[in-house]
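Engineer: got a sequence here, can you build the structure:
(one chain, ligands or ions: 1)
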Amino acid sequence: MQFSKLADMFDRLEATSSRLEMTDILAEFFKTVEPSELRQVIYLSVGRLHPEFYPQELGMADKLVLKAIASVSGRTQKEVDDLWIKTGDPGEVAEQLITKKKQMTLFSEPLSFKAVVEGLTLIETATGKDSQDKKMKHLARMMHDSGPIESRYLCRIVTGRMRVGAGAMTIMDALALAFATKEQRPDIERAFNITCDMGLVAETVAKGGIDAVKKIGVTVGSPVKVMLAERLRSLPDIMDRMEGKCAFEYKYDGMRVQAHIKKGPNGFVKLYSRRLEDLTSNFPDIADALMRQLKGDEAIIEGECVAFEPETGNLLPFQNVTHRRKKHGMEQAVEDVPVRIFMFDLLYHDGKDYTLMPYSMRRSKLEMSFNEAKDGVDKVGYTTRAIISDEDQAQTFFDQAIASKCEGIMAKSLEDISIYRAGSRGFLWIQYKKDYTQALVDTFDLAVVGAFYGMGKRAGVYGALLMAAYDPDTGKFGTACKLGTGFDDAFLAALPGMLDQYKSEKKPSSVNAEMVPDVWFVPGIVLEVSAADISISPIHTISYGAIKEDAGLGLRFPRFTGRVRDDKTPEQCTTSAEIIEFYNLQESRDSDSSESDNDSE
Ligand code: AMP
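Structural biologist: Predicted coordinates:
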């Protein structure tokens, strides 16, 4: 396959915002690709050479890419840099300056897809003193054989700017359309959720059809998408929903970790965050303890890593464990911030996939799978838990959890259907937090999709942000509030740097918005926002039409809690369905204020 064929497909994808149209474009394209090339096509469509959890990224600096563009286009470095300042996107610069005729010179031949994968691999693996120069030359060589559109995508791929608008949901729709049926779409989604590797799923379905996909299982070393909890507003509501009986566990205020442990000569321990980042180097002590204490050879378990006070053993809030997310000085951090893991689930053990087994079975296998620490230093333990069958017990357990410095409780279904639902949020787990007991204050995790320049004291920095929740059914982010309170000066000063890589010249195709900010962002950063309640909104677009025709829902009196949810991807932020549910749960609403401006901040 020629790379131009893939670049043209990216171009067509980018030109539409209709998910159905994207699905058709992708499905048609997938059918024409050699199954052995499809895997890499999938990775490249999000600017990578490997699945998302693979640590290596291409990440070339803009300056280096601009140098390559100057050398291929024959323009001066100044001309190239000026255009970059104007557009902000090296892809656009390449497209404008690398002309078609360049492609037709005697020494060039059309760039093949294979050559692109090879060239990008060389860029990714270049090391040593002159590695920057090597990277630049590999890119220039590929652009030499490229037209404008191919150059645009090459530059976007190497600088981490590949956003053609088709998310995982659309790709899976297209795979079902191309190689299976609509009814078989859930099998594709499950395979993706338990491997986090869309390239693997695509290649498998293209080669062996849906039967081969059904045989994909969890594997130690490939992260599994995490199961998530719904929320309810009161303990009696939870007991009702669980039909009178369920397990309660403490809800610890730490960092979720999925541990993949394999013993033996090729053994390893990998700790993944809920957004598939490799956290192993942040918790070397926990990794060691898990390896030492595991019974058997292989396992995948989940738990919450929580910081504690060494003198008292008291648990400390989330902010403390984030000190472990350092790049440097980790040894010191390990000493300064002691951490414990409270395990709550087991997904795999010695050749057996437990994800389709009910919660009780997984939990008892978990409790049988670890030895006590030999040195008596207990870094590895289990979440405190009890079987609850009435409201008094529920309240007592919740009070104990709070007294033990936990956030609240997690109620877990004991029914046979209580499998580990990878990648989905549902009522098999229900969380109930201390915040909920405070009148009408709830927190939401929202993605930043825009910013407004500040005025007065905030001139020169962003003064407010446009925040959005996610609708997994449409794959779009809908706005939920304009956020201007709760920021301190240091955070405001850091914001532009934090958001820069997500800047977009126009409204990103994944965003639905009526409000127009000064700057748009592709969803990338997630912030925790508290709000007094949710009201029908004439300007915000999340849950549009769900409660009232021609209106969405919006947060009232939104306030940044100070917590950047860098453990969540934008797709893991609060969903449209949750916002609708919060709205429905509000016991009393002042109908006069229901359409009032929720962006007064
Ligand atoms: P949230 O991040 O608000 O969606 O809350 C769910 C999170 O609570 C999970 O992702 C875990 O990180 C955390 N958590 C704490 N304790 C438990 C527990 N006992 N069972 C499951 N998750 C827990």
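
Engineer: who is the residue nearest to Ile388 when sequence neighbours are not counted paired with across the strands?
Structural biologist: In this structure, Ile388 finds its nearest non-sequential neighbour in Phe248, 4.7 Å apart by Cβ to Cβ, 6 or more residues apart in numbering. All C-beta spots, glycine's among them, are computed from the backbone N, C-alpha and C. Counting by DSSP bridges, Phe248 forms beta bridges with Ala386, Ala411.

Engineer: Phe248 contacts Phe397, correct?
Structural biologist: Yes. Judged on Cβ atoms under 8 Å, Phe248 makes contact with Phe397 at a distance of 4.8 Å.

Engineer: what touches both of these two?
Structural biologist: Ala386, Ile388, Ile409 (Cβ atoms under 8 Å, 6 or more residues apart in numbering).

Engineer: buried subset of these?
Structural biologist: Those of the shared contacts of Phe248 and Phe397 that meet the buried threshold are Ile388, Ile409, by 16 or more other Cβ atoms under 10 Å.

Engineer: name the nearest of the shared contacts of Phe248 and Phe397 relative to the ligand.
Structural biologist: Nearest to the ligand, judged by Cβ to the nearest ligand atom, of those is Ile409 at 8.0 Å.

Engineer: so the closest one belongs to a strand, correct?
Structural biologist: Yes. Assessed by DSSP: H, G, I helix; E, B strand; the rest coil, Ile409 belongs to a strand.

Engineer: contact partners for it?
Structural biologist: Neighbouring residues of Ile409 by Cβ under 8 Å, 6+ apart: Phe248, Glu249, Tyr250, Lys251, Ala394, Phe397, Phe398, Ala401, Gln431, Tyr432.

Engineer: what's the closest of those residues to Met467?
Structural biologist: When the contacts of Ile409 are compared for distance to Met467 (Cβ to Cβ), Gln431 wins out at 21.6 Å.

Engineer: what sits closest to the closest one if chain neighbours are left out?
Structural biologist: Leaving aside its sequence neighbours, Gln431 sits nearest to Ala229 (Cβ to Cβ, 6+ apart; 4.3 Å).

Engineer: burial measure for the closest residue to Gln184 other than its chain neighbours, as a count.
Structural biologist: Excluding the flanking residues, the one nearest Gln184 by Cβ to Cβ, 6+ apart is Ile210, at 4.6 Å. Look at Ile210: counted by other Cβ atoms under 10 Å, it has 19 neighbours.

Engineer: so where's the stretch 201-350 of the chain uncertain?
Structural biologist: Along the stretch 201-350 of the chain, the parts satisfying pLDDT under 70 run over 326-328.

Engineer: the ligand contacts on that one?
Structural biologist: Neighbours of the ligand within the stretch 201-350 of the chain, by Cβ under 6 Å from any ligand atom: Leu228, Ala229, Glu249, Tyr250, Lys251, Tyr252, Arg256, Arg274, Glu304, Phe344.

Engineer: now, the most widely separated pair of those residues?
Structural biologist: By the measure Cβ to Cβ, Tyr250 and Arg274 form the most distant pair in those, at 18.2 Å.

Engineer: between the two, which one's more packed in?
Structural biologist: The neighbour comparison of Tyr250 against Arg274 (other Cβ under 10 Å) goes to Tyr250, with 26 against 20.

Engineer: okay, the angle between the helix or strand hosting that one and strand 408-412?
Structural biologist: Take DSSP states H and E as the rule and Tyr250 turns out to sit in strand 246-251. Angle, strand 246-251 to strand 408-412, by axes from the mean of the first three to the mean of the last three Cα atoms, to 10 degrees: 150 degrees.

Engineer: tell me what strand 246-251 is packed against?
Structural biologist: Strand 246-251 sits against helix 359-368, strand 385-388, helix 391-403, strand 408-412, strand 425-433, with contacts defined as 3 or more Cβ pairs under 8 Å, 6 or more residues apart in numbering; DSSP states H and E.

Engineer: what's the first helix or strand after it?
Structural biologist: Next along the chain from strand 246-251, counting by DSSP H and E, comes strand 255-262.

Engineer: after that following strand, next one along is what?
Structural biologist: strand 268-272.

Engineer: what residues does the stretch 401-550 of the chain have near the ligand?
Structural biologist: Residues of the stretch 401-550 of the chain lying near the ligand (Cβ under 6 Å from any ligand atom): Met410, Gln431.

Engineer: which residues touch the residue of the stretch 401-550 of the chain with the smallest separation from the ligand?
Structural biologist: Per Cβ to the nearest ligand atom, Met410 is where the stretch 401-550 of the chain lies closest to the ligand, at 4.2 Å. Residues in contact with Met410, defined by Cβ under 8 Å, 6+ apart, are Ala229, Phe248, Glu249, Tyr250, Lys251, Phe344, Thr383, Trp429, Ile430, Gln431.

Engineer: max pairwise distance over those residues: which two?
Structural biologist: Most distant of the contacts of Met410, by Cβ to Cβ, are Thr383 and Ile430, 15.0 Å apart.

Engineer: quick one: pLDDT of the residue in the stretch 451-600 of the chain that the ligand sits nearest to?
Structural biologist: Nearest residue of the stretch 451-600 of the chain to the ligand, counting by Cβ to the nearest ligand atom: Lys568, 7.4 Å away. Reading off the confidence values, Lys568 has pLDDT 89.
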